[in-house]
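[1] Provided below for reference: sequence and predicted model.
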Amino acid sequence: MTGEMNLAYDYPLLGAFWTLLWIFLWVMWIFLLFRIFSDIFRDDSLNGWAKAGWSIFAVVLPFLGVFVYLIARGKGMGEREAHQARARQHAFDSYVREAAGTARPSAAEELAKLSEIKARGDLTDEEFQRAKEKILH
């Protein structure tokens, strides 16, 4: 081996700190870009041309475009996010209510079906009483 060997102690602690800082800032920048683009395309108040303009501005001049977007529409981002979260929660709650309501019939409905089965003669009085007790308890 004629080449120089780099060891871990050849990389100073401050260099490691700066590397981690730049990686953190890069990840935050990517996160911010995704938030901006998702807000641009999620906003119903913007028409297609406005969405295209903000997108082009953020792609062509990324730092300036993102910071101007945050200054101009930053407050609305939080409001739109909260509104969408409430809408998602409402949709989930209504789905759960609908699924829970149709999953198991009420005791009154079960007793009505049981009475119909008994009226057809498919159940004896003893079987009817046992099934009725099971539904009521």
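    Alright, I've got the coordinates.

[2] Show me the longest helix that occurs in this structure.
    helix 62-103 (DSSP state H).

[3] Share the number of residues neighbouring Lys132, please.
    17 (other Cβ atoms under 10 Å). (C-beta placed from N, C-alpha, C; glycine too.)

[4] Can we start the residue count at 362 from this point?
    Shifting the count to begin at 362 puts that one at Lys493.

[5] element containing it, please.
    Using DSSP states H and E, Lys493 falls within helix 486-497.

[6] other SSEs contacting that helix?
    With contacts defined as 3 or more Cβ pairs under 8 Å, 6 or more residues apart in numbering; DSSP states H and E, helix 486-497 has these neighbours: helix 468-481.

[7] Help me confirm that Leu484 comes into contact with Lys474.
    No. Leu484 lies out of contact with Lys474 (Cβ atoms under 8 Å); the separation is 10.9 Å.

[8] neighbour-wise, which of these two wins?
    Neighbour count, other Cβ under 10 Å: between Leu484 and Lys474, Leu484 has more, with 18 against 13.

[9] Is that one in a helix, a strand, or coil?
    Following DSSP: H, G, I helix; E, B strand; the rest coil, the label given to Leu484 is coil.

[10] And it, how far from Arg441?
    Separation of Leu484 from Arg441 (Cβ to Cβ, to the nearest Å): 58 Å.

[11] Perfect, I'm done here.
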